[in-house]
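*Asks:* Predicted model and sequence below, questions to follow.
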Amino acid sequence: MKRDGQLWNPVWRERYILFVLVFGHLIWVFLGRQAHSIWFSAADFFTSPVVSISAKWENWRYDRSQKIKNLDAAQQELDTLRAELTALRLERQRDSARLIEADEAINLLGLKSLLPIEMQTARIIANNREAKYGAIVIDLGEDHGIKADQGVICAEGVVGRIWAVGRSQSIVLPLDAYNASTGVMLARSRATGVLQGVNPGLSTIRYISNQETVQLGEPVYTSSLDRVFPKALLVGYVSEVYPGSVEMYIEVTLAAPLDRLGLLFVLPSNPQLEFNPKFELPPPISKRDGK
Amino acid sequence: MIRSTVRTRYLVLIALSCLVGMYLLAPWPGPQAVIHVFIVLGIAPELRKPLHCALLAAIGGWILEIAFRTYTGMGGTALGNMICALLLWYSLSIGPPEKPFAYYLQLALAAMLHIALVYLFVNIASGPHMLGYEWQWTLVLFPFWGSVAWRFYKPPHMRR
């Protein structure tokens, strides 16, 4: 067993430790300021792994919180957009009627610019043409100078004629009414006849001979023979045709959408029956150009 | 021997509580300085071994500076604490005061020396520093913490 020496026993060991403790502090205090940079760099070196891990951890938490914030913001934005969409849909529903009317007005304006006659614009008040002997009621009457048998058209085609006139309202007899008669002609053969109503949206042309050649889909125009409509206003298209015993049976689908009408034009009492559109002849094709 | 061990454990427990309290009192430097000087001069010299005395004083100094978090260079307080605590320990061991007045006199001298030494070493360690108002707390409350230290100090003729 090793015996402790004179200067290496528990008492002296404590003294050595005490000495190291006190003088270590002395050296630290007096020389430590110069060595601060070394100590700090050493501390930075030893703490760098922990610092980097904690930085990554903090970054991860920050990113996560940002994602949650972004998600919340996106959700709020989505809710806002949904609310806006609902409001816009409601607004569109509210405006749809006006939009349709505006479209009709645009079409009518286009028609008005094409037809060189003075026409009055009328708004439909009621449309009960589905009923037997039904009719369309418009907001123009005697006060506006409306008289019976004035023609009524829309942008798509002929609608009918004024049947009865009140002070501020009038009744329009549509083309598909049973008691309606309109002078028409076929586009290709120029054969003229009388259009009579059969069913809602459907009419037949009477008094066309079996000798005529009529094609399905052929346009039907006004003939101006009834002196109500000018010549060559679109009435409809031939939807069915077959020879009858005396005359040809021609069924016409009307061009004017009588169920969806909003604005109409009322033609003058004695309209100009035929227009003279300025046809521009196509430029002559020379042989050189036509090669 | 058993009594001594129990007393030492008791002192260590008190010292640990004071260290924790000193750290938690960081927002109030005045009371913190009183607890600090009580650890260094009231408890540390009562420990039997000088190494334990120096260790407790050094730990008290380091904890105080860490709690401050303002020193650019640390260690000055711990060095001043150790020197003062060891001097008082030595003074009490070579001539144990038998009356409270002698003890209080030594304790007051040690407290003043402690203030001066700590200020000196802190200035050396971390550069020029203002002397705060903590020393006033220490001296004004000396009767309080000195009487508590006297209760811990047991003169030989008073020990059972």
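*Replies:* Now that the structure is in, tell me what you want to look at.

*Asks:* Give me the secondary structure label for the closest residue to B:Phe144 other than its chain neighbours.
*Replies:* Leaving aside its chain neighbours, B:Phe144 sits nearest to B:Val34 (7.8 Å; criterion: Cβ to Cβ, 6 or more residues apart in numbering or on different chains). C-beta coordinates here come from the backbone N, C-alpha and C atoms, glycine included. Secondary structure for B:Val34, judged by DSSP: H, G, I helix; E, B strand; the rest coil, is helix.

*Asks:* is it true that A:Ala187 touches A:Glu218?
*Replies:* Yes: using Cβ atoms under 8 Å, A:Ala187 makes contact with A:Glu218 at a distance of 5.5 Å.

*Asks:* Next, the contact list for residue 150, please.
*Replies:* All of this is about chain A. Residues near A:Gln150 by Cβ atoms under 8 Å, 6 or more residues apart in numbering or on different chains: A:Arg161, A:Ile162, A:Val228, A:Val266, A:Leu267, A:Pro268, A:Ser269.

*Asks:* wait, chain B
*Replies:* B:Trp150 touches B:Pro100, B:Tyr103, B:Tyr104, counting by Cβ under 8 Å, 6+ apart.

*Asks:* Please, which helix or strand holds the residue nearest to B:Pro100 when sequence neighbours are not counted?
*Replies:* Closest residue to B:Pro100 apart from its sequence neighbours, by Cβ to Cβ, 6+ apart: B:Trp150 at 5.6 Å. Using DSSP states H and E, the element containing B:Trp150 is helix B:142-152.

*Asks:* Quick one: distance of the one helix or strand A:Phe45 maps to to the chain centre.
*Replies:* A:Phe45 belongs to helix A:36-114 when assigned by DSSP H and E. How far helix A:36-114 lies from its chain's middle: 26 Å, per Cα atoms, centre = their mean, to the nearest Å.

*Asks:* Quick one: the helices in chain B, in order.
*Replies:* Taking DSSP state H as the criterion, chain B carries its helices at B:2-24, B:29-37, B:50-68, B:76-94, B:100-126, B:134-140, B:142-152.

*Asks:* ranking those helices by mean pLDDT, which is last?
*Replies:* Ranked by mean pLDDT, the helices of chain B bottom out at helix B:2-24, with a mean of 82.

*Asks:* Not counting its own residues, what contacts it?
*Replies:* Here helix B:2-24 makes contact (Cβ under 8 Å, 6+ apart) with B:32, B:35-36, B:38-39, B:43-44, B:46-48, B:56, B:59-60, B:63-64, B:66-67, B:152, B:154, B:160.

*Asks:* Enumerate every residue touching the residue of the stretch 151-291 of chain A found nearest chain B.
*Replies:* The stretch 151-291 of chain A approaches chain B most closely through A:Gly262 (80.9 Å), counting by Cβ to the nearest Cβ. Shown here is A:Gly262, whose contacts under the criterion Cβ under 8 Å, 6+ apart are A:Ile100, A:Glu101, A:Glu104, A:Arg123, A:Ile124.

*Asks:* Let me have those in JSON lines, extended by pLDDT.
*Replies:* Converted to JSON lines, those look like this (pLDDT from 0 to 100):
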{"residue": "A:Ile100", "pLDDT": "81"}
{"residue": "A:Glu101", "pLDDT": "79"}
{"residue": "A:Glu104", "pLDDT": "78"}
{"residue": "A:Arg123", "pLDDT": "90"}
{"residue": "A:Ile124", "pLDDT": "90"}
